[in-house]
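Peer 1: give the three-dimensional model of this entry:
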Amino acid sequence: MNDVVETYWTSTPVTVKQYLLKFLNYDSRCNLKLCSRDDKALVDSTRYVPDVISIGEEPGRNGENSTIYLRYESLILTVNEVNGITKVSTNSSIEYNTIKSRYDVARLWVEKVKNKGKIEANRIKILNFSMTPSNDWILKCDHLEIRMVPSQNLTSWLQKTLPKLKTLDVRMCKIDEIFGMDQVKNTSEMLKLSRNVSMTDEELETILAPSIAIVSDGKITENGAKKAFRKYVENSRPGDNFELRFLIFSNFDHRNLFDKKWIREEVLPDDMNMGEYIFRINGGFVNIHGVQSIPNVIIYYFFEYIIIRAFHFMEPVPPPTFY
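Peer 2: Numbers count the residues shown, from 1 in each chain. This next block holds a predicted model:
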């Protein structure tokens, strides 16, 4: 700090400093701790919730062990285990060796980043991580992403999560047996479930989130898709998106997905692709948030299935989340 700033900071009441700390990111807080003992004590005593905590694993090549990546905000630890020796390095060039296994290192790291017994962050990501979560772990976050963990571990990770998520993004080769869990049903804003989602019409109907992106394995029917789409139209807010992929039969007519009371307009752009239909819903429904129209509804036909997408913004039009 320069002399003028240091004078102002030193004379600032502690309660004001604690308030200002809420606006500092992880790097700024670390730098402040180096300024003085009082500043270090202030930072250590002030609750901080990081934006992101991530635990990831990358498979090894040619018989080598996997590499584990542990992220807390901008600090990333890389953990490699070779011949019983584990090397831990950071993106700030700090390195050390230990005889603990790479999974033991990961467990100890999680214990260190816990906040009052919880793994807490705005966003938590579990990426390709093969280890089963410890019994006493509790995840607290607004946004949870789980990608390609062992299928038997998916339920365990969700059970460890407090069921107050805003968004849940699960990307697996197959997803089943989780749809009755509060962590899934009660996600409040956005639910993304990737390939081969073994969800029934009844389970789809229990989903609270107005925004969804779901790839069905064949159990969701035309009737279930129609109900889910109507729920989106009547409950979505500006910014909410809808995307559902489901199997169809030869006599399927995509116009049946629209309620007969809705004022539907078909859009015919110059560059429209074969098997792609674009609509607007200009009225004929009551939305609980006062939305008057759904300006973008796109239906993509494939050989055995379709994707129906709906969103409020106009440009640009992104591709479907899942194929």
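
Peer 1: skip the chain neighbours and tell me the closest residue to Cys141.
Peer 2: Ile124 (4.3 Å; CB to CB, 6 or more residues apart in numbering). (C-beta placed from N, C-alpha, C; glycine too.)

Peer 1: what about Arg255, distance to Lys226?
Peer 2: Note on Arg255: its distance to Lys226, by CB to CB, to the nearest Å, is 11 Å.

Peer 1: looking at these two, which one has more neighbours?
Peer 2: Neighbour count, other CB atoms under 10 Å: between Arg255 and Lys226, Lys226 has more, with 16 against 12.

Peer 1: ok but that one is inside a strand, no?
Peer 2: No. Assessed with DSSP: H, G, I helix; E, B strand; the rest coil, Lys226 is helix; it does not lie in a strand.

Peer 1: for it, give its distance to Asp253.
Peer 2: Counting by CB to CB, the gap from Lys226 to Asp253 is 11 Å.

Peer 1: domain ranges for this structure, per the record?
Peer 2: Following automatic domain parsing, the chain resolves into domains at 3-45, 195-323.

Peer 1: how far away from the center of its chain is stretch 130-150?
Peer 2: Chain-centre distance of stretch 130-150: 12 Å, with CA atoms, centre = their mean, to the nearest Å.

Peer 1: equivalent analysis for stretch 61-81, please.
Peer 2: With CA atoms, centre = their mean, you get 21 Å for stretch 61-81.

Peer 1: ok, now stretch 90-109?
Peer 2: With CA atoms, centre = their mean, you get 26 Å for stretch 90-109.

Peer 1: so which bits of that stretch are buried?
Peer 2: Neighbour-count burial for stretch 90-109, counted by 16 or more other CB atoms under 10 Å, picks out Lys100, Arg102, Tyr103, Val105, Ala106, Trp109.

Peer 1: report the beta-bridge partner residues of the nearest residue to the second one once chain neighbours are set aside.
Peer 2: Yep, that's Arg102 we're talking about. Distance criterion CB to CB, 6+ apart; nearest residue to Arg102, sequence neighbours excluded, is Glu81 at 4.2 Å. Applying DSSP bridges to Glu81 yields these beta-bridge partners: Thr86.

Peer 1: ok, Glu81 - contacts?
Peer 2: Each residue near Glu81 by CB atoms under 8 Å, 6 or more residues apart in numbering is listed here: Asn65, Lys87, Ser101, Arg102.

Peer 1: closest one of those residues to Leu75?
Peer 2: Using CB to CB, Lys87 comes nearest to Leu75 of the contacts of Glu81, at 16.7 Å.

Peer 1: please enumerate the helices of the stretch 151-300 of the chain.
Peer 2: 151-159, 182-185, 201-205, 222-235 (DSSP state H, counting those that start in this stretch).

Peer 1: figure out which of those helices is closest to His312.
Peer 2: helix 222-235 (10.6 Å).

Peer 1: against which helices or strands is the closest one packed?
Peer 2: If you count contacts as 3 or more CB pairs under 8 Å, 6 or more residues apart in numbering; DSSP states H and E, helix 222-235 packs onto helix 201-205, strand 242-247, strand 305-311.

Peer 1: go again with 6 Å.
Peer 2: helix 201-205, strand 242-247 (3 or more CB pairs under 6 Å, 6 or more residues apart in numbering; DSSP states H and E).

Peer 1: got the CA coordinates for that helix in PDB?
Peer 2: Extracted in PDB, the C-alpha atoms of helix 222-235 (Å, rounded to 0.1, in the frame of the first residue of the first chain):
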ATOM      1  CA  GLU A 222     -44.900 -37.100 -26.700                       C
ATOM      2  CA  ASN A 223     -47.600 -36.500 -24.100                       C
ATOM      3  CA  GLY A 224     -44.900 -36.000 -21.400                       C
ATOM      4  CA  ALA A 225     -43.000 -33.600 -23.600                       C
ATOM      5  CA  LYS A 226     -46.100 -31.600 -24.300                       C
ATOM      6  CA  LYS A 227     -46.800 -31.200 -20.600                       C
ATOM      7  CA  ALA A 228     -43.300 -30.200 -19.900                       C
ATOM      8  CA  PHE A 229     -43.300 -27.600 -22.700                       C
ATOM      9  CA  ARG A 230     -46.600 -26.200 -21.500                       C
ATOM     10  CA  LYS A 231     -45.100 -25.900 -18.000                       C
ATOM     11  CA  TYR A 232     -42.200 -23.900 -19.500                       C
ATOM     12  CA  VAL A 233     -44.500 -21.600 -21.400                       C
ATOM     13  CA  GLU A 234     -46.700 -20.900 -18.400                       C
ATOM     14  CA  ASN A 235     -43.900 -20.600 -15.800                       C
END
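
Peer 1: right, I'll leave it there.
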